[in-house]
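K.L.:
A structural model of the following input is requested.
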Amino acid sequence: MNPSAIWNPALEWLRGAWAAFAGETEFWAAIIGAIVGAVVGGVISYILQRAAARGAKKVRDEDHLQQQRALANSLLFKMLRIYSNFCNIHQLLEECFADAAKHGLQADPWQVVRPLANPPELIHFTADEMGMLLAQKDNEVFNRVLPMADIHNSLVDALKVFATLRMTLTDRLAELPVVKVDGPLVSAAFTKEHAQAFEPKMLEVNSLAENIRERATKDVDEGVAP
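P.N.:
Reported below is the predicted structural model:
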């Protein structure tokens, strides 16, 4: 069978249908309306998506800002605690020496300094807190704040070690026979042999007490308050 015998009638039918459609204004109105509706709908959808994206970004920015504020407040409170602990430790130590001077006691620092019953808790800065501070791009402030937790914790640890060493030393001295009690001053029989046995430990505790006093004074005098 000749293919043209099939295609020619089909083409003639399509031409007739096209001519019929071309004359139907309602048909074209419907087609144009559908196309315009699709375009307008697409534009509106695009605008809504852009608005939603901007809204989502705004929400994310606000959440980020709130997180940064929370980190800043947390870091600030820790710095206030650090400086408060520095001041309290310094005040305690100076009061110990002032009381000794008031009573006219000629004693070594380890005998004068009283251990803290409740030492301050250790303080640690989180990576998020330091990241927030670094993002402020103030290198001077960042470099001053960064070591503060370690300085504070080192001082607190030194106080704990001092309390342990001092207690061990006083417990051993308590085994000596008491000769005289004069207010806060207790005198015991202390022979040359006792001096040789206790002197190294006394020097160790005495050096630690002097070091703690110097460090506490330096921390306060340098004005590390935030």
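K.L.:
what about the chain, any weak spots by pLDDT?
P.N.:
Residues of the chain that meet the criterion pLDDT under 70 lie in 1-48, 50-53, 55-57, 59, 61, 174-196, 223-226.
K.L.:
all strands of this structure, in order?
P.N.:
In the chain, the segments counted as strands under DSSP state E are 178-182, 185-188.
K.L.:
could you pull out the helices in the chain for me?
P.N.:
Secondary structure of the chain by DSSP state H: the helices cover 4-22, 25-102, 109-112, 127-135, 139-145, 148-173, 192-221.
K.L.:
how about the shortest one as PDB, C-alpha atoms only?
P.N.:
What follows is helix 109-112, C-alpha atoms only, in PDB (Å, rounded to 0.1, in the frame of the first residue of the first chain):
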ATOM      1  CA  PRO A 109      52.800  32.500 106.100                       C
ATOM      2  CA  TRP A 110      51.800  28.900 106.300                       C
ATOM      3  CA  GLN A 111      50.900  29.400 110.000                       C
ATOM      4  CA  VAL A 112      49.000  32.600 109.200                       C
END
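K.L.:
that helix packs against which elements?
P.N.:
helix 25-102, helix 148-173, helix 192-221 (3 or more Cβ pairs under 8 Å, 6 or more residues apart in numbering; DSSP states H and E). In short, each C-beta sits where N, CA and C put it, glycine included.
K.L.:
so which of these comes closest to Met130?
P.N.:
Relative to Met130, the nearest member of those by Cβ to Cβ is helix 25-102, separated by 8.1 Å.
K.L.:
tabulate the helices and strands packed on helix 109-112 (CSV), appending mean neighbour count and distance to Asp128.
P.N.:
Formatted as CSV, these follow (neighbours: other Cβ atoms under 10 Å; distance: least, Cβ to Cβ, whole Å):
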stretch, mean neighbour count, distance to Asp128
helix 25-102, 13, 6
helix 148-173, 16, 14
helix 192-221, 15, 26
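K.L.:
extract the CA atoms of stretch 118-129 and return them as PDB.
P.N.:
Presented in PDB, the C-alpha positions along stretch 118-129 are these (Å, rounded to 0.1, in the frame of the first residue of the first chain):
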ATOM      1  CA  ASN A 118      34.700  25.800 100.400                       C
ATOM      2  CA  PRO A 119      37.100  26.600  97.600                       C
ATOM      3  CA  PRO A 120      35.500  28.100  94.400                       C
ATOM      4  CA  GLU A 121      34.500  25.700  91.700                       C
ATOM      5  CA  LEU A 122      36.600  25.400  88.600                       C
ATOM      6  CA  ILE A 123      35.400  27.500  85.600                       C
ATOM      7  CA  HIS A 124      35.700  26.400  81.900                       C
ATOM      8  CA  PHE A 125      35.000  28.400  78.800                       C
ATOM      9  CA  THR A 126      33.300  26.400  76.000                       C
ATOM     10  CA  ALA A 127      34.400  26.300  72.400                       C
ATOM     11  CA  ASP A 128      31.200  28.000  71.400                       C
ATOM     12  CA  GLU A 129      31.700  30.900  73.800                       C
END
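K.L.:
now Asn143: how far from Leu134?
P.N.:
From Asn143 across to Leu134, the span is 10 Å (Cβ to Cβ, to the nearest Å).
K.L.:
again with Asp108
P.N.:
45 Å.
K.L.:
that older thread, format the helices and strands packed on helix 109-112 as JSON lines; extra columns: distance to Arg114.
P.N.:
Formatted as JSON lines, the helices and strands packed on helix 109-112 follow (distance: least, Cβ to Cβ, whole Å):
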{"stretch": "helix 25-102", "distance to Arg114": "6"}
{"stretch": "helix 148-173", "distance to Arg114": "9"}
{"stretch": "helix 192-221", "distance to Arg114": "10"}
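K.L.:
appreciated, that's everything.
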